[in-house]
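Visitor: show me the folded form of this:
(one chain, ligands or ions: 1)
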Amino acid sequence: MLRDFFGYYRPWLGLFWLDFGCAVLSGLFELAFPLAITAFIDHLLPQGNWSLTVAAAIGLLVLYAINSGLMVIVIYWGHKLGINIETEMRARAFDHLTRLSWRWYDRSRTGKLVARVTRDLEEIGEVAHHGPEDAFIAIMTFIGAFILMFTINPSLALIVALIVPAMLVLVIFYGGRMTRTWRAIYSRVGDFNVRLEEALGGVRVVQAFGNEAHESELFAADNQNYRKTKLEAYKVMAASSALQYMGLRLVQVVVMVVGASFVLSGDLTTGGFVGFLLLVGVFYRPLEKIAAVIETYPRGIAGFRRYQELLATEPEIADAPDAIPAPVLRGDIRFENVSFGYDDRPILRGIDLTIKAGETVAFVGPSGAGKTTLLALLPRFYEPSAGRITVDGIALDQMQLHSLRRQIGLVSQDVFLFGGTLRENIAYGRLGASDAEIVQAARQAQLGPLLENLPEGLDTIVGERGVMLSGGQKQRVAIARAFLKNPPILILDEATSALDSQTEREIQTALDALSVGRTTLVIAHRLGTIRHADRIAVMQDGRIVEMGEHGALVAQGGVYARLSG
Ligand SMILES: Nc1ncnc2c1ncn2[C@@H]1O[C@H](COP(=O)(O)OP(=O)(O)OP(=O)(O)O)[C@@H](O)[C@H]1O
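Guide: Next comes the predicted model:
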């Protein structure tokens, strides 16, 4: 996994080495400053040479200035490295998410997915920047400071070293606890996101049922859980900070007392004493870094693991290696003994059906009979569990998915509109369509009068999911998209919601115009549509139980006759 992780550094190696080099240099400066102070006190001060003292002070200031310049590079360019890696990963995650199959989305919750693409990757970015650099610098300053302390006074250095294991235990213990609490916090944030996504996305339903208080209660539970977990984290943080602070001061006081006795006995110079005290600070600082690494590293790694899992989730439906680009299809469709279930429960059972190019077939039957499911197999949103489907004699899975879907138009019951303009939403049928083409498609979809009435015309914002349009208007936008797409095969899942007769007529006119010259499969809820169909397939319990023209089916006196009666 680490190899995969470091693979992301490859495009940014220059940036990495710049950041790393500057961080190492800055670490070396930190080690050198106490020595400079020692030399200042022990060698410069006794000379009583004021101009030399000033020169040394200026020299020191220059070094500090260089070090602060290095800090700018480390902080800015180091984070740039992190955000570059994060951006690349986010792009890949999004790309991958848009390719995953419907079955996978059926089982996922959007809030959690959003958290993966945002929060998880932010964590990874932090680790990508701080991880390797902090770990290296911490070890370098730790060992460097100890060697320097040892050269100043070995006995004093050993006293300091004796306390290190206790401090390390402290850091690791609290680091571990911190990691666990952070993990809990992030899982709570995930719960939060899911709840927010659903409550706000469904706010109209919440209000329609007067369930605001109920939602608030559910939210309050998550909110309180989050609070509790966060308080736990603060408790750990407070205890760990206080203990680490106290540990460091303890060492400093011990060094002060023992060091003072060495100074008095002449075993240590005053400069050495002061330098040593400063080095104690430098020596223990990496412990904080180690603590920080211990805290952020597992979060980043956990995030990276989830990210890898996501990328490793193969889209269930993808192009076979030998798939061909679909030729321009005529629209002869055959279902050959097709069965399907979303899970173990069979939904479609041995469907055999042949539809000729240009034919309009209406699917009717009780709710839950499997009409929508059957038609979802044609653009390969789901894969049949048995049997096969061909178009113009070519099996669906022998064609490249995009080239197949490009030739199937879909007008579904719930039209999903994006939050932009009417133009963008219609042009979704064929990205890059000209304004003239969009207007023509809108007119064909009976949206002409609406466009003329809207002061902003095509630039009208439709609101989130198209809330500013009526149900009938949204349907017509979907029809306009299909006109623009101009596919040989059309799937129409008629809206069940009642439309007024005028709107229904307009939509029917638009649909009739749309289906001319195309193979059309309609899930019909309205008599009007059924009458226009060449044939009617009656479905029940995942089977086609009757098939034929309206008159013949009525005469047959079976399921259809009962349904339409
Ligand atoms: N994504 C899904 N995951 C699991 N089960 C599903 C899914 N979609 C539909 N089902 C189930 O499959 C069965 C058939 O549903 P389908 O939507 O195909 O029926 P339908 O005939 O189109 O009904 P309606 O006329 O009410 O739209 C139903 O029992 C439904 O619960």
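
Visitor: lowest-pLDDT helix or strand in this structure?
Guide: Lowest on mean pLDDT, DSSP states H and E among the helices and strands of the chain sits helix 527-532, with a mean of 73.

Visitor: sheet partners, orientation included, of the next helix or strand after it?
Guide: Heading C-terminal from helix 527-532, the first helix or strand you meet, by DSSP states H and E, is strand 535-540. Strand pairing for strand 535-540, determined by DSSP bridges: strand 360-364 (parallel), strand 543-548 (antiparallel).

Visitor: is any residue of the first one near the ligand?
Guide: Spelled out, it's strand 360-364. No. Strand 360-364 lies out of reach of the ligand by Cβ under 6 Å from any ligand atom, never closer than 7.9 Å. Any C-beta I mention is one placed from the backbone N, CA and C, and that applies to glycine too.

Visitor: who does the helix or strand following that strand touch, helix- and strand-wise?
Guide: Once the chain leaves strand 360-364, the next helix or strand it forms, by DSSP H and E, is helix 371-376. The contact analysis (3 or more Cβ pairs under 8 Å, 6 or more residues apart in numbering; DSSP states H and E) places helix 371-376 against strand 333-340, strand 348-355, strand 360-364, strand 489-493, strand 519-523.

Visitor: contacting residues for the residue nearest the centre of the chain?
Guide: Central residue of the chain (Cα atoms, centre = their mean): Val117, 2.0 Å from the mean position. The contact partners of Val117, by Cβ atoms under 8 Å, 6 or more residues apart in numbering, come to 90, 93-94, 97.

Visitor: please pick the buried ones from those residues.
Guide: Neighbour counting by 16 or more other Cβ atoms under 10 Å classes 90, 93, 97 among the contacts of Val117 as buried.

Visitor: counting only strands, which of those residues make the cut?
Guide: Among these, no member is found in strands (DSSP state E).

Visitor: enumerate the residues of the stretch 101-250 of the chain near the ligand.
Guide: Asp106.

Visitor: can you name the residue of the stretch 101-250 of the chain nearest the ligand?
Guide: Using Cβ to the nearest ligand atom, the closest approach of the stretch 101-250 of the chain to the ligand is made by Asp106 at 4.3 Å.

Visitor: sorry, back to before: could you save the strands paired with strand 535-540 as CSV and add columns showing mean pLDDT and distance to Phe219?
Guide: CSV is the format used below for the strands paired with strand 535-540 (pLDDT from 0 to 100; distance: least, Cβ to Cβ, whole Å):
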stretch, mean pLDDT, distance to Phe219
strand 360-364, 93, 41
strand 543-548, 91, 45
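
Visitor: need the ones you listed in CSV with mean neighbour count and distance to Pro384, can you?
Guide: Shown next, in CSV, are the strands paired with strand 535-540 (neighbours: other Cβ atoms under 10 Å; distance: least, Cβ to Cβ, whole Å):
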stretch, mean neighbour count, distance to Pro384
strand 360-364, 24, 17
strand 543-548, 17, 14
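
Visitor: how much space between the residue of the stretch 101-250 of the chain closest to the ligand and Asp352?
Guide: 27 Å (Cβ to Cβ, to the nearest Å).

Visitor: same question for Ala199.
Guide: Counting by Cβ to Cβ, the gap from Ala199 to Asp352 is 46 Å.

Visitor: these two: who's more crowded?
Guide: Ala199 (18 against 13; other Cβ atoms under 10 Å).

Visitor: let me see the contact set for the more buried one.
Guide: 206, 215, 218-219.

Visitor: what about the stretch 101-250 of the chain, any weak spots by pLDDT?
Guide: Where the stretch 101-250 of the chain drops to pLDDT under 70, the residues are 131.

Visitor: could you rerun that using 90?
Guide: Residues of the stretch 101-250 of the chain meeting the criterion pLDDT under 90: 101, 103, 106-142, 159-211, 215, 218-219, 221-223, 225-226, 229-230, 232-250.

Visitor: where do the helices of it begin and end?
Guide: Taking DSSP state H, counting those that start in this stretch, the helices of the stretch 101-250 of the chain run over residues 102-106, 110-115, 121-152, 154-201, 203-208, 212-265.

Visitor: reformat those helices as a markdown table; add distance to Ile544.
Guide: Formatted as a markdown table, the helices of the stretch 101-250 of the chain follow (distance: least, Cβ to Cβ, whole Å):
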| stretch | distance to Ile544 |
| --- | --- |
| helix 102-106 | 23 |
| helix 110-115 | 35 |
| helix 121-152 | 47 |
| helix 154-201 | 36 |
| helix 203-208 | 35 |
| helix 212-265 | 43 |
